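> Build me a model:
(chains A and B)
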Amino acid sequence: MGASQGVVRQLMLRLPSCLLALLLSFLAVGQQTNPVDEFFTRTSSTHTNNWAVLVCASRYWFNYRHMANALGMYRTVKRLGIPDSNIILMLADDVACNTRNKFPGSVYANQGRRLDLYGDNIEVDYRGYEVTVENFIRLLTGRVEDSVPRSKRLLTDERSNVFVYMTGHGGNEFLKFQDNEEISAFDIADAFEQMWQKKRYNELFFMIDTCQANTMYSKFYSPNILATGSSMLDENSYSHENDADIGVAVIDKFTHHVLSYLEGINKTSKANFKDFFETYNFETIRSHAGVRSDLFDRKLEDTLLTDFFGGVAQVEVMDIPPNPSVQEPLVKPDQKLAQEGVDDAFPRSIPRQSLSHVNPPGMSGWRLWLGCALMVGLVLVVGVFRG
Amino acid sequence: MADTALPAESAVAFQTPSIRRLIILSYWVAVIIGLPIWLYTTSIQRLSLSESQVISLQGQPVDIPVNLYLDDVDNILANSDHFVRTLQTSLQSCTSSAGLALVVSNAQSSTSDYDYRLVLKAGSADCKIDGRSLRWEVNRANKASLATQMTATLCELLAPRSSAADERRVVQYAPKVRLSFSLLNEEVFMEDSFSSWNMESLFQGHVAPLLERLSPLHNFSVESQTQVYAPLAFDPQRVDNGHVISRDQLTVFVNSAEWTLASGVTTDPVLHFLLFIPSKEHRPLQIESSIEHDDYFKAFLVPQWGGVVIYNPPALGQPLGPLPDTVLQDVLSIYKNQLLALLGVSANCRCITDSSDISQWQLDALMRRRTIENVNRSVDALNSIVKVVNSIQQMPVGKDVREDVNTALDALAKFYPPLPLSPSELLAYSARALSTSSHAFFNPGMLALLYFPDAHNYAVYLPLFAPILVPLFVTGIKEFKVWRKQRKQQKLDSHKKAE
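This next block holds a predicted model:
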C-alpha cells in the first residue's frame, strides 16, 4: 500500500477520534513510559555485532548540511570499525552530484573543505526518493519484500547493538522526510518496540539532530534504548558554519560537536557515554542537547562509545599445536578469552514485557460514541438557537 | 408572529415545501448510506490469529524422547535391571535440563535406527563410539563404580553442557549458511607473498566431507577470494623477534573498512575465514597471549563471525606464487575446527571415535539442541506477533500471515508432545516452524499505518466537514419545525372544521 494512500485512510479512520478530542480537549491522554525493572546492572556489553542506520531525511541543495551530517557519521562509524555491510546509509538527496555543487562528487563538512566525506569508498543504500517513512519503518521492522537485497536490510539479531542516527527538518514529535511526509515519534517508538519483540537488537542508541529533537525520543517505551537529541521542545538546532565556495551551510552544530568528539577516539578507546554526554554545552551547540537513559539498563560510565560506534570487541585465541595436521580436539579446553568479562556472559536480563504503552490507536468504543453524540448535540444546539 | 411570517416565506419560495423536504432528505439519505460504506471501506483487514493456541505454547517445555538400550553382551552385570534404574536416575538431571526425555532400558529388538545402544563388554577399561552405539569395555575388577563412570560420559555425549562462552560464540541457527574464505596479503612484495591458493581442489578433499556430514543441519554454500593488499588498521607492537598484536588490537584486527569481505549475494548468515599473510617487515607476527608457541600459524575466533589464521611464512625468498598445498591443508584443518566451534559442535569425549570428524552422537546432540532452540524461537516469534498485533490497532493482518502462523503451529504441534522421529526429522520440523513464524512476523503487509497527531486530523477534516454539516443540521431542524407547525395548524384547522 502506498504511503499517501495510507495517510488518507489513516486520517479518515481517525475522524471520530479527532472530533472527540476537539470537544474534549481536556481529555488529553498523557503518554506514559514504563520504567524498566532493573534486575541487575550489567557492566560490559554482551553484543557480538554492530549495526548503524544513518538517515538524512531532507532533500534539496540548501539542505547540504544534512547530507554532510549523515556522511560525517558514516565516515566515523566506518572508521571505528562497523563494516559497510552493517551500515544502512539513507540519503534523501545526492548533493555530491547536484549541478549546483562546485566540487562535483564531493561533500565537505567544514570550511576550507579539508576532508571529502564522499570519498572513493562509499555505499549509499537508500538514495533519493527511496528514502521514505515507509521504507525506513520497513527497514527497522524487517518487513521488506523478499526481493530487497541484503544491502538494504537490517539483518540484526538479539546480539546486535544498533545505532540509529537521523537528521533533517523536524518539529514537535515529528521529522520531515523528503519535504512531503513526516515520521512521528510514535511511529519510531512502535518500530523499536517491534524490533524488541522480535529480538532484533541487544541495545539501541538513537541520536537525532533536528529542531526540537528531544521530543522525538520522548515516546520510546522499549527497553535497552539510549537516546540523545540536539535540542529541546521549542528550540531550534542550528547549522555550524558556511563554506563560501559551496555557498551553503555545511554541517549542523550538534553533529559537528559529536563528530569532533568522536574524532578523538579510536577503535580500542575506552571513552564512555557519561563523559561524552557531559561535553554537551549550550555555548557550542546553541541548544540544549538532551539525553534519555531511563530505558537503558547499563550505567553510562560503563557504556563505551565503541559499543555503538565501533565494531565488536571479542576474540578467542586458539592454541595451535605445532603440527596442526594431526587430529586435534575440536574446541581446546584452554582457549583463552581475549576480552575480560567474556566469561560472565549475561543472559538477556529483561523479560519481554507485555506492551504497556500503546499510542492511542482508534479510541475505545464508548469514547467514540460519546464524541459523536456530543458533536451532534452541539450542532443541534447551534441550529436550534439560530433557527 | 410566526403565523404571519410563515405563509410569506412559503409564498416567496420557488420550491414547494415537499420538494424542498425531498432535497434535504436526499442529502441525509446520502450521509446515512455513505457512513457505513465509508467505515467499511476504510477499515483495516485484521484477521484473527489462533491466539489462545499460540499463548498456550509459551513456556511449555519440549521433551525430546531419547531411548538408550543397555546390551550386556558378556553378562557382566549381576542385576541389569537394577543397573538400568541407577543409570536412569543418575542421567536424569543432565538430560532433563537439556530438554531430553531419556528412557534407559534393557536391550530389546531395537525399535528404530535412531535409538542409542550401550554395549558392555569385558576388556580393558575403554570405550569406543560406533555410529549410535557406544561400546564400553569393562574391567571386571572395578565394575562397582561403573554407573558413575558412565554417567559423566553419557551426559557429555547426550546433552553436552554449553558454557557462557559457547553461547556467545555459536551462531544462531539458520537453514542456509554461507562460508567465505579469504586469502589476504597485507602487502605484496616480490617475494614471500601469495597470489593465489589452491582452495577449490583442497576444499573438496578436506572440508567438503565435513560439510556433507553436517548437511542435515545446514545447507552450505561456499565462496572464496584472494586479496593482494589488505593493510592493518593499527601498528603491531615491535618486539625482539618480529611484531606482536596486543589483546586490544586483536579485537580490531579485522579491518572491515578496507578489506572487502561482505558478500552481498545472499541474506543468509555468512561465516568468514581469513588467512592473513603479514607483510615482510611485520614478520613474524605474533599474538600476545600465545607468543610462547613459536610456530608459523596463529589463529583466533571472532564469535559468531568467523575465524582468522595468521601465517608467517618462512623466509625462503619464494617468488610470488600460489600458497603451498601443505600449508593450506594445515590452514583448512584449523578452519574445520573453527567452523565446528562456531556451529556449536560439542567437544569430543574421551572415547575413541570412528574415523570421521564428528561422531553421530555429537551430531545428534547438536541437532536436538538446535531443535529446541528453534522451537523456542518460533514460539517466541508467534507470541510477539500476537502481542504486536494486539497492541498496534492499525496493523493489518492478512490471509498470508494467518496461513504462516497456522503452518508454524502445525509444525510446532509435532513437539507437543514430541513425536518419536529421528533427530534430523525433528530438526526439519523445527526449522519449518522457525522460518514460517518469522516469515509471518516479517510479512510486508503487516506494516502499521502511520500515526498522526490529533492536531493534524482536525486540520484536515474540519475545513472539509464543518461547512457541510452545519447547514445540513440547521436546515434539517428548521424544516422539521416548520413541518410540525404546519401539522399543528392542519389539526387545528380540521378541528375547527369539525366543530
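
> Which residue ranges of chain B form helices?
B:2-12, B:17-42, B:51-57, B:80-97, B:146-158, B:164-169, B:199-206, B:208-213, B:247-251, B:325-343, B:360-391, B:399-413, B:423-441, B:454-498 (DSSP state H).

> for the third one, packing partners?
I take that to be helix B:51-57. If you count contacts as 3 or more Cβ pairs under 8 Å, 6 or more residues apart in numbering or on different chains; DSSP states H and E, helix B:51-57 packs onto helix B:360-391, helix B:399-413. Bear in mind the C-beta positions are built from the backbone N, C-alpha and C, glycine included.

> again, 6 Å this time
Counting contacts by 3 or more Cβ pairs under 6 Å, 6 or more residues apart in numbering or on different chains; DSSP states H and E, helix B:51-57 packs against helix B:360-391.

> Check which residues of the helix it packs on are buried.
Going by neighbour count (16 or more other Cβ atoms under 10 Å in any protein chain shown), the buried part of helix B:360-391 is B:360-389, B:391.

> What's the local residue count around residue 212?
Reading this off chain A. Residues lying near residue A:212 (other Cβ atoms under 10 Å in any protein chain shown) number 23.

> nope, chain B
Residue B:212: 10 neighbours (other Cβ under 10 Å).

> ditto for residue B:321
Neighbours around residue B:321, by other Cβ under 10 Å: 11.

> what does residue A:66 give?
For residue A:66, using other Cβ under 10 Å, the count is 30.

> So which other helices or strands are in contact with the strand or helix carrying it?
Under the criterion of DSSP states H and E, residue A:66 resides in helix A:64-79. Applying 3+ Cβ pairs under 6 Å, 6+ apart, we find helix A:64-79 packed against strand A:49-56, strand A:160-167, strand A:249-252, helix A:253-263.

> where does residue 155 land on pLDDT?
All of this is about chain A. What the model reports as pLDDT for residue A:155 is 93.

> meant chain B actually
87.

> and residue A:114, what does it touch?
By Cβ atoms under 6 Å, 6 or more residues apart in numbering or on different chains, no residues touch residue A:114.

> Identify the residues contacting residue A:250.
Counting by Cβ under 6 Å, 6+ apart, residue A:250 has contacts A:65, A:68, A:108-109, A:243.

> which residues in chain A form helices?
Under DSSP H, chain A gives helices at A:3-13, A:15-23, A:64-79, A:133-141, A:185-197, A:253-263, A:273-278, A:282-285, A:306-309, A:365-386.

> Using CSV, list the CA coordinates for the fifth one.
Okay, so that is helix A:185-197. Taking Å, rounded to 0.1, in the frame of the first residue of the first chain, the C-alpha atoms of helix A:185-197 are listed here in CSV:
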residue,chain,number,x,y,z
ALA,A,185,7.8,10.0,17.5
PHE,A,186,5.1,7.4,17.9
ASP,A,187,6.0,5.6,14.7
ILE,A,188,9.6,5.3,15.7
ALA,A,189,8.7,4.2,19.2
ASP,A,190,6.4,1.5,17.8
ALA,A,191,9.0,0.4,15.3
PHE,A,192,11.6,0.0,18.0
GLU,A,193,9.1,-2.0,20.1
GLN,A,194,8.5,-4.3,17.2
MET,A,195,12.3,-4.7,16.9
TRP,A,196,12.5,-5.5,20.6
GLN,A,197,9.7,-8.0,20.4
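
> Are that helix and chain B in contact anywhere?
Yes: under the criterion of Cβ under 6 Å from any Cβ of the partner chain, chain B is reached by helix A:185-197 at A:186-187, A:190, A:194, A:197.

> Just want the angle from that helix to helix A:133-141.
30 degrees (axes from the mean of the first three to the mean of the last three Cα atoms, to 10 degrees).

> Just the residues contacting helix A:185-197, thanks.
A:137, A:140-141, A:173, A:201, A:216, A:219-222, A:359, B:384, B:388, B:392, B:450-451.

> Among those residues, show me the least confident.
residue A:359 (35).

> so what's residue 45 up against?
You didn't pick a chain, so chain A it is. Contacts of residue A:45 by Cβ under 6 Å, 6+ apart are residue A:307.

> Switch to chain B, please.
Here residue B:45 is in contact with residue B:396 (Cβ under 6 Å, 6+ apart).

> go on, residue B:446?
A:143, B:395.

> same thing with residue A:65?
A:239, A:249-252.

> Render the CA-only coordinates of stretch B:78-89 in CSV, please.
C-alpha atoms of stretch B:78-89 as CSV (Å, rounded to 0.1, in the frame of the first residue of the first chain):
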residue,chain,number,x,y,z
ALA,B,78,24.6,-59.3,38.1
ASN,B,79,21.4,-57.4,38.1
SER,B,80,21.0,-55.5,34.9
ASP,B,81,17.5,-54.2,35.8
HIS,B,82,18.9,-52.5,38.8
PHE,B,83,21.8,-51.1,36.8
VAL,B,84,19.3,-49.6,34.2
ARG,B,85,17.4,-47.9,37.0
THR,B,86,20.6,-46.5,38.5
LEU,B,87,21.7,-45.2,35.2
GLN,B,88,18.3,-43.7,34.5
THR,B,89,18.2,-41.7,37.8
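
> And the contacts of it?
Contacts for stretch B:78-89 (Cβ under 6 Å, 6+ apart): B:70, B:72, B:77, B:104, B:106, B:147.

> residue in the stretch 101-250 of chain B nearest to chain A?
Nearest residue of the stretch 101-250 of chain B to chain A (Cβ to the nearest Cβ) works out as residue B:164 at 3.7 Å.

> Pull up the gap between that residue and residue B:303, please.
According to Cβ to Cβ, to the nearest Å, residue B:164 stands 11 Å off from residue B:303.

> Separate out the buried members of the contacts of residue A:65.
A:239, A:249-252.

> Could you identify the most distant pair in those?
A:250 and A:252 (9.3 Å; Cβ to Cβ).

> just to revisit the earlier point, between residue B:164 and residue B:303, who's got more neighbours?
Applying other Cβ under 10 Å to residue B:164 and residue B:303 shows that residue B:303 carries more neighbours, namely 25 against 15.

> burial measure for the spatially closest residue to that one that is not a sequence neighbour, as a count.
Of all residues not flanking residue B:303 in the chain, residue B:169 sits nearest, at 4.2 Å (Cβ to Cβ, 6 or more residues apart in numbering or on different chains). Residue B:169 has 27 neighbours, counted by other Cβ under 10 Å.

> ok, now residue B:215?
Other residues close to residue B:215 by other Cβ under 10 Å number 11.

> now swap in the one 10 residues further on and tell me
By other Cβ under 10 Å, 14 other residues sit near residue B:225.

> That one reaches residue B:183, doesn't it?
No: assessed by Cβ atoms under 6 Å, residue B:225 is found out of contact with residue B:183, at 7.4 Å.

> Give the residue spans of the chain that score low on pLDDT.
Reading this off chain A. A:1-43, A:313, A:319-369, A:371-372, A:376, A:379-387 (pLDDT under 70).

> Oops, wrong one, chain B.
Using pLDDT under 70, chain B drops low at B:1-13, B:109-111, B:125, B:141-144, B:189-192, B:290-295, B:316-320, B:354-356, B:449-451, B:453.

> Recalculate using a threshold of 50.
Along chain B, segments meeting pLDDT under 50 span B:1-3.

> Just put the contacts of stretch B:78-89 in CSV and tack on distance to chain A and neighbour count.
Converted to CSV, these look like this (distance: Cβ to the nearest Cβ, whole Å; neighbours: other Cβ atoms under 10 Å in any protein chain shown):
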residue, distance to chain A, neighbour count
B:70, 28, 21
B:72, 31, 17
B:77, 32, 17
B:104, 27, 23
B:106, 33, 13
B:147, 25, 18
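
> Give me the subset of these that lies in strands.
Mapping those onto strands (DSSP state E) picks out B:70, B:72, B:104, B:106.

> JSON lines please, covering those residues and showing distance to residue A:293.
What follows is these, written out as JSON lines (distance: Cβ to Cβ, whole Å):
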{"residue": "B:70", "distance to residue A:293": "59"}
{"residue": "B:72", "distance to residue A:293": "64"}
{"residue": "B:104", "distance to residue A:293": "53"}
{"residue": "B:106", "distance to residue A:293": "62"}
